[in-house]
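S.K.: With the input below, show me the fold.
(3 chains)
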Amino acid sequence: MDLLANVIVTTSIYALVAVGLTTIYGVLRVLHIAHAGVYAIGGFAALLAYRSSGGFWLSLLAAMLASAVAGLAIYYGLYRPLLDSPRSVPLLASIGAFIAIEALLQRPFLLGPSPESLPAESGIPAPRLGELAFTSIQATIILLTVLAVVGVYLLIRRTRLGLAWRAITQDRLMAASSGVNLDTAIAANFLIGSALAGAAAMLWAVYTNTVQAIAGGVISYKAFVIVVLGGLGSVPGAALASLVLATVEVLATRYIGTLLPRDAIAFLVLIAVLMLRPEGLIGRRSA
Amino acid sequence: MQPLLKVESLTRDFGGNRAVDDATFRVSEGEVVGLIGPNGAGKTTLFNCVSGHLRPTAGTVRFADVDVTRLPAHARARRGIGRTFQVVRPFRSLTVRQQVEVGAGVAAYRSFLTSLAPRPRRNRRVDAVLGDLGLADVADRLVDTLPLGLQRQVEIARAEALEPRLLLLDEPGAGLTNPELAELSRHVRALRGRGRTVLLIEHAMDFAMSTCDRIIVLVEGRVIADDTPKRVQSDEQVIAAYLGVEDPVGPLSEPAR
Amino acid sequence: MSEYLVSIITLAAIWVVLALSLNLVTGYAGQVSLAQGALFGVGAYAAAIAATRHNVTFPLDIPLAAAITATAGGLLALPALRVRHDFLVLTTMGVNFVVVAIFQYVDYFGASSGIVGIPLPALAGRTLSSHEVMAIAIGLAAFTFVSNWCLLRTWFGLRMVAIRDDEAAAAATGISVAATKIWAFVLAGAYAGIAGALYARFIGSVFPSSFGFVESVTILSMVILGGEGTLVGPLVAAVILRSLPEVLRPLADWRLVVYGLALALVIRFQPGGLLGHGSILRNLFSRRAARGPLAREVRTQDAGSAGRPAGGRGGV
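M.R.: Presented below is the predicted three-dimensional model:
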């Protein structure tokens, strides 16, 4: 049964990172590798806030805020001036930013190279559903993820901002010419997507009780797997794909884990999906 | 005359949308055939199915007595189906001459190993095609720097370099000025003079009427008429179809020139 | 010449080969790949295993590694036939990750302890000095440059550029897009194999971590910073980027920070590459150097062309 709880929690974290990434990819069409850096910054900010205040919720807020600022800075500083370049150009800028952020966080006066612990308590009681028992932090993660994913979904479906995102995803130039303020819409998108990554970083750090400068890399690679699996720009798709990847990973680690590391399995899944269904698991097939 | 291209019961769906519906027609060696129809009639889809850029949902395409329905686009091009695109698609970093060389090189050096032969500085075939289409003066320029009329000539030249038996021209007149149209019309007639079989989509009705031997009318994916320009113009079904759409593509009755 | 300098020059030459190898696939055939580091690794491991377990002697190990890596390159082309653009980047990124994981976890490849004790190259029973190995590395880099220069003047070179510019138009002109991509990847694999073999021989050991994501990124940035679709650009970028860490040595632990920032900022302010259109370096040096052949004639006319993609991609 702890296997099931493990799957659900892993799904949640993946979904938090991937939902932000998929909407960003939808509106910007840039492979936002630096999302990994944004994630790592969130973890670092959470640690700082926790050490100075000790509060779970304050740390969470700090993580989301720091990540949001970092995401916005990357958008305005790197992507916005490069939108009309060939797509490999912002990609490389993104990778450069990612490498720099990760290396910077590893400096001893910041996070340092070794993992730090983050034993924050959310205060949410540990629930029990029959056989299925969750710890307090597990319940917190699941609760917050459901809130965030449903929130983003409603935002996209029900608000003017969401409408603008959908329009940009369809056709950026057309959206701009029909009165969508591209800059505001994309900036809001980065703000929200990055804040979600910060939240994920904080929650995962508490769950595993480790904050690491290099924590962002692997989870962001996986978020890309999920974005592709779920169909680019699709929030429900990302949620479903998070579940699929988490299940495959947890089961594969349990049963064939000695063969290849867990992260390599995620990439094998990605390659298989891209080769068999280039449009994603539930994405429509283009003609 | 031998039918060079036989399209039989060709159908193409996009999701639930039927773009081409059971189209059947032939094009004989040496003909210049116009394919007309209102916007959204499925003309370009039909073209893509003939050139191999799309697979038909049903039906067959036979070219020179061979079933090419399952062949990819490049294999059809090598068999002799050349084409241009509605929105010009030049190779942006190549000069006009190099664009034409691509076609000429494919015709002469097919496999990977033979394609490792160095390109000669001048190629007679390329020079001939450039001359035929009036591009000799701009041969060393990038296509982006040319006016649209010349860009379309470049696309025709690129296809011509393949020495195709059938040339598909997708709205070669779209967006051209009147002098450019006249120039184009002259080149298309010259193609026919060289024995080239041409199937062209056209919106500029007078251009189609004055250039083509035969007109095929496509409406909502179906062939509703297939006859000489004169008889197509007086065909009641065609007139009805054109009157039925909100934005008629051009005056059907009187060719302007 | 000090041993230190010899080693920097030798490694720079190896990376020139790598940059030019990816340049075929990315700069000319237009397929952005983040798995060239893995191909480099395949070449290095092939040479390492051949030398340590099968007594394959220099210089036979070089064509052997080239052949094996060319095959791997051909396999790597398969994703490029299915997916494009960002999807291809993601797939190749994944492939690189998986290849490194295989080196890391499979005993045949020495797992995490790698393969050590690869003898230095020997000719006629005499082990070559490091100066001689450096000469060989420079020779192979020159061979790569010249053979690519020739390749771009063939019909095949023209085809690569055609599929980069427009796949549908290329197919309509009779080019097999699939075959062209596969051969581009095969050739890129062959060159990466040469670089890998030389690396294994020169360093004397191979470890999984030498062929990872950062290496692939570095090779790709050499191509893009150099200005895609030129030959001199990636060569210059390879020399600069490969020597940069040595110049930055005083910065010690700050090196990756500076490297990442430099990458992001150079791209930000010179999106056409260091030697691309309108770049600072390009304006400093003779304009002749940066562009491919044939396109030279074009230059007078295209200077004012605003419609060109900003990548500074040259013709053939």
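S.K.: helix or strand for residue A:189, which one?
M.R.: Secondary structure assignment for residue A:189, by DSSP states H and E: helix A:182-208.
S.K.: count of neighbours near the residue of the stretch 51-200 of chain B found nearest chain A?
M.R.: Nearest residue of the stretch 51-200 of chain B to chain A, counting by CB to the nearest CB: residue B:54, 7.4 Å away. Bear in mind the C-beta positions are built from the backbone N, C-alpha and C, glycine included. Residue B:54 is flanked by 19 other residues according to other CB atoms under 10 Å in any protein chain shown.
S.K.: Which residue, other than its chain neighbours, is closest to it?
M.R.: Leaving aside its chain neighbours, residue B:54 sits nearest to residue B:48 (3.9 Å; criterion: CB to CB, 6 or more residues apart in numbering or on different chains).
S.K.: Please, which helix or strand holds that neighbour?
M.R.: Judged by DSSP H and E, residue B:48 forms part of helix B:43-51.
S.K.: can you give me the mean pLDDT across that helix?
M.R.: Throughout helix B:43-51, pLDDT has a mean value of 93.
S.K.: next one: stretch C:273-291
M.R.: Computed over stretch C:273-291, the average pLDDT equals 55.
S.K.: Mind telling me what element the residue nearest to residue A:12 when sequence neighbours are not counted is part of?
M.R.: Ranked by CB to CB, 6+ apart and with sequence neighbours excluded, the top spatial neighbour of residue A:12 is residue A:145, at 3.8 Å. Element membership for residue A:145, per DSSP H and E: helix A:136-158.
S.K.: Now do the SS call for whichever residue of the stretch 51-200 of chain A sits closest to chain B.
M.R.: Using CB to the nearest CB, residue A:86 is the residue of the stretch 51-200 of chain A that sits closest to chain B, at 11.4 Å. What DSSP: H, G, I helix; E, B strand; the rest coil gives for residue A:86 is coil.
S.K.: got any ranges where chain B has weak pLDDT?
M.R.: Applying pLDDT under 70 to chain B flags residues B:1, B:204, B:243-257.
S.K.: if we go to 50?
M.R.: B:246-248, B:250-257 (pLDDT under 50).
S.K.: How about residues contacting stretch C:181-192?
M.R.: Stretch C:181-192 is contacted by residues B:112, C:17-18, C:20-22, C:24-25, C:28-29, C:31, C:33, C:36, C:39-40, C:42-43, C:66-67, C:69-74, C:76-77, C:80-81, C:144, C:151, C:156, C:160, C:163 when judged by CB atoms under 8 Å, 6 or more residues apart in numbering or on different chains.
S.K.: Residues touching the helix holding residue B:48, excluding its own?
M.R.: With CB under 8 Å, 6+ apart, helix B:43-51 has contacts from B:5, B:7, B:10, B:12, B:19-20, B:23, B:35-37, B:54-56, B:61, B:73, B:76-77, B:81, B:83, B:86, B:168, B:170, B:199, B:201, B:218, B:221, C:172.
S.K.: With adjacent residues omitted, what lies nearest to residue B:228?
M.R.: residue B:214 is the one closest to residue B:228 (CB to CB, 6+ apart), at 6.1 Å.
S.K.: Relative to residue B:221, how far out is the one you found?
M.R.: 20 Å (CB to CB, to the nearest Å).
S.K.: next one: residue A:140
M.R.: On the measure of CB to CB, residue A:140 and residue B:221 end up 57 Å apart.
S.K.: neighbours around residue A:123, how many?
M.R.: Residue A:123, neighbours per other CB under 10 Å, totals 10.
S.K.: Contacts only, for it.
M.R.: Here residue A:123 is in contact with A:56, A:136 (CB under 8 Å, 6+ apart).
S.K.: circling back to that earlier point, just give me the neighbour total for the residue nearest to residue B:54.
M.R.: For residue B:48, using other CB under 10 Å, the count is 24.
S.K.: Next: residue A:184.
M.R.: Quick note: residue A:184 (other CB under 10 Å) scores 11 neighbours.
S.K.: pLDDT wise, what is residue C:316 at?
M.R.: 59.
S.K.: same check, this time on residue A:105
M.R.: Reported pLDDT for residue A:105: 90.
S.K.: Name the nearest residue to it, ignoring sequence neighbours.
M.R.: residue A:213 (3.7 Å).
S.K.: shouldn't the residue of the stretch 51-200 of chain B closest to chain A be in contact with residue B:11?
M.R.: No: judged on CB atoms under 8 Å, residue B:54 makes no contact with residue B:11 at a distance of 11.6 Å.
S.K.: Does anything pack onto the helix or strand that contains residue A:5? Which helices or strands?
M.R.: If you go by DSSP H and E, residue A:5 is part of helix A:2-28. If you count contacts as 3 or more CB pairs under 8 Å, 6 or more residues apart in numbering or on different chains; DSSP states H and E, helix A:2-28 packs onto helix A:35-53, strand A:132-133, helix A:136-158, helix A:160-170, helix A:182-208, helix A:215-230, helix A:235-256.
S.K.: Out of those, which gets nearest to residue A:77?
M.R.: helix A:182-208 (11.3 Å; CB to CB).
S.K.: starting at the chain centroid, how far to the closest one?
M.R.: Between the centre of helix A:182-208 and the centre of its host chain there is 7 Å, according to CA atoms, centre = their mean, to the nearest Å.
S.K.: And for stretch B:17-33?
M.R.: On CA atoms, centre = their mean, the centre of stretch B:17-33 falls 12 Å from that of its chain.
S.K.: For chain A, tell me whether that stretch is touching it.
M.R.: No: judged by CB under 8 Å from any CB of the partner chain, stretch B:17-33 and chain A are separated, with a smallest distance of 9.4 Å.
S.K.: That stretch: which residues count as buried?
M.R.: B:18, B:19, B:20, B:21, B:23, B:25, B:26, B:27, B:31, B:32, B:33 (16 or more other CB atoms under 10 Å in any protein chain shown).
S.K.: re earlier: which residues does the residue nearest to residue B:228 contact?
M.R.: B:31, B:32, B:33, B:34, B:226, B:227, B:228, B:229.
S.K.: Enumerate every residue touching the nearest residue to the last one once chain neighbours are set aside.
M.R.: Distance criterion CB to CB, 6+ apart; nearest residue to residue B:229, sequence neighbours excluded, is residue B:209 at 4.5 Å. Taking CB under 8 Å, 6+ apart as the contact definition, residue B:209 lies against B:34, B:215, B:229, B:233, B:255.
S.K.: my guess is residue B:209 is in a helix, correct?
M.R.: Yes: remark: residue B:209 belongs to a helix, assigned using three-state DSSP.
S.K.: ok so, going back, next, the angle from the helix holding residue A:189 to helix A:35-53.
M.R.: 60 degrees (axes from the mean of the first three to the mean of the last three CA atoms, to 10 degrees).
S.K.: And the residue of the stretch 1-150 of chain C closest to chain B?
M.R.: residue C:150 (7.1 Å).
S.K.: Just the buried residues of the helix or strand harbouring that residue, please?
M.R.: Element membership for residue C:150, per DSSP H and E: helix C:130-151. Buried positions in helix C:130-151, judged by neighbour count with 16+ other CB under 10 Å: C:133, C:134, C:135, C:136, C:137, C:138, C:140, C:141, C:144, C:145, C:148, C:151.
S.K.: From those, pick the one nearest residue C:263.
M.R.: Using CB to CB, residue C:141 comes nearest to residue C:263 of those, at 22.7 Å.
S.K.: Who are the contact partners of the closest one?
M.R.: Contacts of residue C:141 (CB under 8 Å, 6+ apart): C:13, C:14, C:16, C:17, C:20.
S.K.: The nearest residue in space to residue A:76 that is not next to it in sequence and residue A:168: what is the separation?
M.R.: Spatial nearest neighbour of residue A:76, excluding adjacent residues (CB to CB, 6+ apart): residue A:187 at 7.6 Å. Distance, residue A:187 to residue A:168, by CB to CB: 12 Å.
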